[in-house]
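Student: build me a structure from this.
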Amino acid sequence: MAKLKDLMTKKKKIMLTAIILSILFALGDIGVLFLSQESFGRLPQGERLERIKKSPNYDLSKKQFVNLEPTETMTGDKSAAGSLLSQIFGKDTVQKIPDTALTVIKTNLRELPQDKDWLVWFGHSSYLINLSGKKFLIDPILYSGSPVSFANKMFKGTDVYKPKDFPDIDFLVISHDHWDHLDYKAVKELEPRVGKVILGLGVGEHFEYWGYPKEKLIELDWWENASLVAESADYKVTATPARHFSGRDPRMNRTLWASYIVETPKRTIWIGGDTGYGKHFKQIGEKFKIDLGILENGQYNEQWALIHTLPKYLGTAMTELNAARYMTVHNSRFCLSNHSYLEPLKNAKKAAEESGKPLLTPRMGEVLYLE
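Tutor: Numbering: from 1, shown residues only. All right, here's what the predicted structure looks like:
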């Protein structure tokens, strides 16, 4: 009887193990299928990968790009998964998401003047700039900031602009390939009206995979530059360092994250992208005379203190970058961290006071003239 009981127990264990393994294999198949969607892009290969391997910012032993300074992605006492679970299921002590729809001005972007420099911010890190008659569209998130519809939703009222609302774009600028900066559906729809795309090394692989001709892509390593207008030496872009990471799936840092200096006949603008505080702020400030610095300010957290700019460093970053004036982005559209949705706006004002520099605070969708 005891032997029969042991045999039954053993059979149950075998059956349970088989069921668990079947579930894991099924989930594995689903995971592979999910990650095989075109929207996840494609990792660099061929000539592009060979160019990447020659970059001084690429670690051949790790097979990934690295920051200028040692940088841990997670700096707190939680893993990435633990931090995410805490954000989703933890008890909120601040209001992270507005209760009601936010007001976004719907500007007719096609009728704005060509002969004036202006900027229109759409929330988070998406904005359109007209500089000496050339239009630069930065990190346009127009449909989704996530690979799944139920996560990272836009705040109510901020889903206003779509690709059809935009004029022809001379230069599409992508700071890095994270989902909240690179919207697959948006860039696919914009392609016929985009002249050139400015990217960090490797990000062009996604765009080629999505149907962009190779000749449209300007891929740069940190400190590399490119002339933007053949008939004028006054238009130039330089990729500058940022302290962050990249990846649209679990395979991180195969493409380069970057900030950019854009030089035009009238002014020089720094597009900060996503970056934690580091020595690169001072380096960039010493190399360029910047009229407007556009800084990341939002979605920061002590759990990832090195890859986003914490409020306590924002004033120092402004001082060291030494731009004539500032604007901050990466806020007011998504909840990716645990701070109040209003907190970044207060941080910006405090940092501007600390640095003694003017701060531009446009409303989403408002035309901000830079003259």
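Student: would you list every one of the helices in the stretch 101-250 of the chain?
Tutor: Shown for the stretch 101-250 of the chain, the helices assigned by DSSP state H, counting those that start in this stretch span residues 184-190, 204-209.
Student: of those helices, which stretch is the most buried?
Tutor: Among the helices of the stretch 101-250 of the chain, the stretch with the highest mean neighbour count (mean count of other C-beta atoms under 10 Å) is helix 204-209, at a mean of 21. Yep, even glycine has a C-beta here, placed from its N, CA and C like the rest.
Student: need the CA coordinates for that helix. CSV is fine.
Tutor: Taking C-alpha atoms only, helix 204-209 is exported to CSV below (Å, rounded to 0.1, in the frame of the first residue of the first chain):
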residue,chain,number,x,y,z
GLY,A,204,19.4,53.1,-38.4
GLU,A,205,19.0,49.3,-38.5
HIS,A,206,15.4,49.8,-37.1
PHE,A,207,14.7,52.4,-39.8
GLU,A,208,16.0,50.4,-42.7
TYR,A,209,14.0,47.4,-41.4
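Student: can you tell me what sits against it?
Tutor: Helix 204-209 is contacted by residues 38, 41-45, 48, 177, 182, 187, 197, 199, 212, 214, 216-217, 219, 248, 255 when judged by C-beta atoms under 8 Å, 6 or more residues apart in numbering.
Student: for W270, give me its contacts.
Tutor: For W270, counting by C-beta under 8 Å, 6+ apart, the contacting residues are 240, 259-262, 284, 288, 290, 292-294, 321, 323.
Student: by neighbour count, which of those residues wins?
Tutor: Neighbour counts for these, by other C-beta atoms under 10 Å, peak at S259, which reaches 29 neighbours.
Student: quick check: it vs I52, distance?
Tutor: 19 Å (C-beta to C-beta, to the nearest Å).
Student: what do you get for T275?
Tutor: From T275 to I52 the distance is 20 Å (C-beta to C-beta).
Student: higher neighbour count, the two?
Tutor: Legend: neighbour count by other C-beta under 10 Å for T275 and I52, higher for T275 (27 against 24).
Student: can you tell me the closest non-neighbouring residue to the more buried one?
Tutor: A242 (3.7 Å; C-beta to C-beta, 6 or more residues apart in numbering).
Student: which pLDDT value belongs to that neighbour?
Tutor: A242 carries a pLDDT value of 98.
Student: so who does W222 touch?
Tutor: N57, A239, T240, P241, L256, A258.
Student: let's go with 10 Å and repeat that
Tutor: 55-57, 65, 68, 200-201, 238-242, 256-259, 280 (C-beta atoms under 10 Å, 6 or more residues apart in numbering).
Student: minimum distance to P358: which of the helices of the stretch 101-250 of the chain has it?
Tutor: helix 184-190 (31.5 Å; C-beta to C-beta).
Student: from the contact counts, what lies against that closest one?
Tutor: strand 134-138, strand 169-173, strand 194-200, helix 204-209 (3 or more C-beta pairs under 10 Å, 6 or more residues apart in numbering; DSSP states H and E).
Student: what about the last one, distance to the chain center?
Tutor: To tie it back to what came earlier, the one meant is helix 204-209. 17 Å (C-alpha atoms, centre = their mean, to the nearest Å).
Student: number of nearby residues for S61?
Tutor: 5.
Student: for it, give me the pLDDT.
Tutor: So, for S61, pLDDT stands at 98.
Student: next: the one 4 residues further on.
Tutor: In this model, F65 is scored at 98, pLDDT.
Student: contacting residues for it?
Tutor: F65 sits next to 52, 55, 57-59, 200-202, 221-222, 244-246, 252-257 when contact means C-beta under 10 Å, 6+ apart.
Student: one more time with 8 Å, if that's ok
Tutor: Here F65 is in contact with 52, 55, 57-59, 201-202, 246, 253-257 (C-beta under 8 Å, 6+ apart).
Student: how about N152?
Tutor: Per C-beta under 8 Å, 6+ apart, neighbours of N152: S144, G145, S146, W179, D180, F334, C335, L336.
Student: again, only using 6 Å
Tutor: Contacts for N152 (C-beta atoms under 6 Å, 6 or more residues apart in numbering) come out as G145, S146, F334.
Student: and for R267?
Tutor: D291.
Student: ditto for N130
Tutor: Contacts of N130 (C-beta under 6 Å, 6+ apart): W118.
Student: now do the one 5 residues further on
Tutor: When contacts are counted by C-beta under 6 Å, 6+ apart, K135 touches I169, D170.
Student: quickly list what it is bridged to.
Tutor: N130 (DSSP bridges).
Student: that one and K349: what is the separation?
Tutor: Taking C-beta to C-beta, one finds K135 at 29 Å from K349.
Student: how about H181?
Tutor: When H181 is compared with K349 (using C-beta to C-beta), they lie 25 Å apart.
Student: can you check what pLDDT the model gives K91?
Tutor: Looking at K91, the pLDDT reads 66.
Student: cool, A233 as well?
Tutor: In this model, A233 carries a pLDDT of 86.
Student: which residue packs closest to it, ignoring adjacent ones?
Tutor: S227 is the one closest to A233 (C-beta to C-beta, 6+ apart), at 6.6 Å.
Student: so G31: helix, strand or coil?
Tutor: Three-state assignment for G31 (DSSP: H, G, I helix; E, B strand; the rest coil): helix.
Student: count the neighbours of it for me.
Tutor: For G31, using other C-beta under 10 Å, the count is 12.
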